[in-house]
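Peer 1: this is a predicted model, with the sequence first.
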Amino acid sequence: MAETGRLTRAPALVANPVMLLRVGLIAAVLALWQTVSVSGLLFRDVVPSLGAIAGALARLLVDPGFFGHLGTSALEIAVALVIGGLSGLIVGLALGANRLLGKAFEPYLYYLGPTPKIIFFPIMIMWFGVGPGSKVAMGVISCFFPIALSTAAGMRQIDRVLIRVGRSFRAATWQMVSKIYLPAMREPIVNGVRLGFGVAVIGTLLAETKLSNRGVGFLVINSYSTFDMPRMYALLIIVFMIAIGVNALVGRLGAGRPHIKS
């Protein structure tokens, strides 16, 4: 029976080429990293060994001070995502529902969206100071654009029959939004939130590297300044893993088939 179980597990893994490619890529990257580290092709302090990074990661995970910095960054990102997400949702609904507004103002979103938001950081400091407010503001302006654009695009994909049915029943605006627009736009909105979360993390942590003494971004730049490369890479790994987990969680919200035009 044990041998039969092993035989069934092995073909199952082989039959999943996607998983094999993913595992293979991770293994190849780790092997290449370790090879470069021990070969001396680059300074070992610049490319530390996997063992050194793992040791730094373990020390971070048992350091209570680290979780205080992590909590600061998490709170700033969460507040930024709520403010930027709600603002983007409202603006996207307005632009998608009104053709005139969409034609007039949506080009500005397309022009400003790809602009590196770090150029606005001096303005954020003048407006909100060097405290958490400027970091939250950076996260807000980072996540606003992808969420607004995804929402506006999703509005145009809604089956017009659903809208006519809602209007024929004289549904109020809030009923149209909650009963028709949002359920039908679930997938575009979720995709926008996933993109918005990613850029909110980047914007907030990047702001923390400039003028801050709290947050994961501060720890990263501090590790870089003191040339503690294993700790810096360990911090980046933690941010990367948390981002993957949140993205996977948000992605589950988009499961299902929205009502869109065929």
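Peer 2: On my side now, so go ahead.
Peer 1: show me where the stretch 1-150 of the chain has helices.
Peer 2: In the stretch 1-150 of the chain, the helices defined using DSSP state H, counting those that start in this stretch lie at 2-14, 17-39, 50-61, 64-97, 99-112, 121-128, 132-157.
Peer 1: neighbours of the nearest residue to Gly55 once chain neighbours are set aside, just the number please.
Peer 2: Among residues not flanking Gly55 along the chain, Pro230 sits closest, at 6.8 Å (CB to CB, 6 or more residues apart in numbering). C-beta: built from backbone N, CA, C; applies to glycine. Counted with other CB atoms under 10 Å, the neighbours of Pro230 add up to 20.
Peer 1: residue contacts, Pro230?
Peer 2: Listed by CB atoms under 8 Å, 6 or more residues apart in numbering, the contact partners of Pro230 are 48, 52-53, 55-56.
Peer 1: can I get those in CSV with neighbour count, pLDDT and distance to Val177?
Peer 2: Output for those, formatted as CSV (neighbours: other CB atoms under 10 Å; pLDDT from 0 to 100; distance: CB to CB, whole Å):
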residue, neighbour count, pLDDT, distance to Val177
Pro48, 22, 90, 51
Ala52, 18, 92, 52
Ile53, 21, 94, 47
Gly55, 15, 95, 52
Ala56, 21, 94, 48
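Peer 1: just put these in JSON lines and tack on distance to Asn247.
Peer 2: Listed next are the contacts of Pro230 as JSON lines, based on distance: CB to CB, whole Å:
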{"residue": "Pro48", "distance to Asn247": "27"}
{"residue": "Ala52", "distance to Asn247": "28"}
{"residue": "Ile53", "distance to Asn247": "23"}
{"residue": "Gly55", "distance to Asn247": "28"}
{"residue": "Ala56", "distance to Asn247": "25"}
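Peer 1: which of those sit farthest apart?
Peer 2: Pro48 and Gly55 (9.4 Å; CB to CB).
Peer 1: any idea how far Asn222 is from Ser134?
Peer 2: Applying CB to CB, to the nearest Å, the value for Ser134 to Asn222 is 19 Å.
Peer 1: neighbour count winner among those two?
Peer 2: Ser134 (25 against 17).
Peer 1: dump the residue contacts of the most centrally placed residue in the chain.
Peer 2: The chain has Gly198 as the residue nearest its centroid, 2.1 Å off, counting by CA atoms, centre = their mean. The contact partners of Gly198, by CB under 8 Å, 6+ apart, come to 243, 247.
Peer 1: so it: helix, strand or coil?
Peer 2: With DSSP: H, G, I helix; E, B strand; the rest coil as the basis, Gly198 sits in helix.
Peer 1: distance of it from Val246?
Peer 2: According to CB to CB, Gly198 and Val246 sit 9 Å apart.
Peer 1: where in the stretch 151-262 of the chain is pLDDT low?
Peer 2: 253-262 (pLDDT under 70).
Peer 1: the helices in it, which residues?
Peer 2: 160-168, 173-176, 182-184, 186-208, 216-225, 229-253.
Peer 1: out of the ones you listed, which gets nearest to Trp127?
Peer 2: Closest to Trp127 of the helices of the stretch 151-262 of the chain is helix 186-208 (CB to CB; 12.9 Å).
Peer 1: how about that closest one: buried residues?
Peer 2: For helix 186-208, the neighbour count (16 or more other CB atoms under 10 Å) marks 186-208 as buried.
Peer 1: same check on stretch 98-116?
Peer 2: 102, 106, 109.
Peer 1: so which of the contacts of Pro230 would you say is closest to Ile26?
Peer 2: So of the contacts of Pro230, ranked by how close each gets to Ile26 (CB to CB), first place is Ile53, at 14.4 Å.
Peer 1: just checking, that closest one touches Ile238?
Peer 2: No. With contact defined as CB atoms under 8 Å, Ile53 does not count as touching Ile238 (11.2 Å).
Peer 1: what comes into contact with stretch 172-184?
Peer 2: So stretch 172-184 is in contact with 93, 97, 154-155, 157-159, 162-163, 166-167, 171, 189, 258-260, going by CB under 8 Å, 6+ apart.
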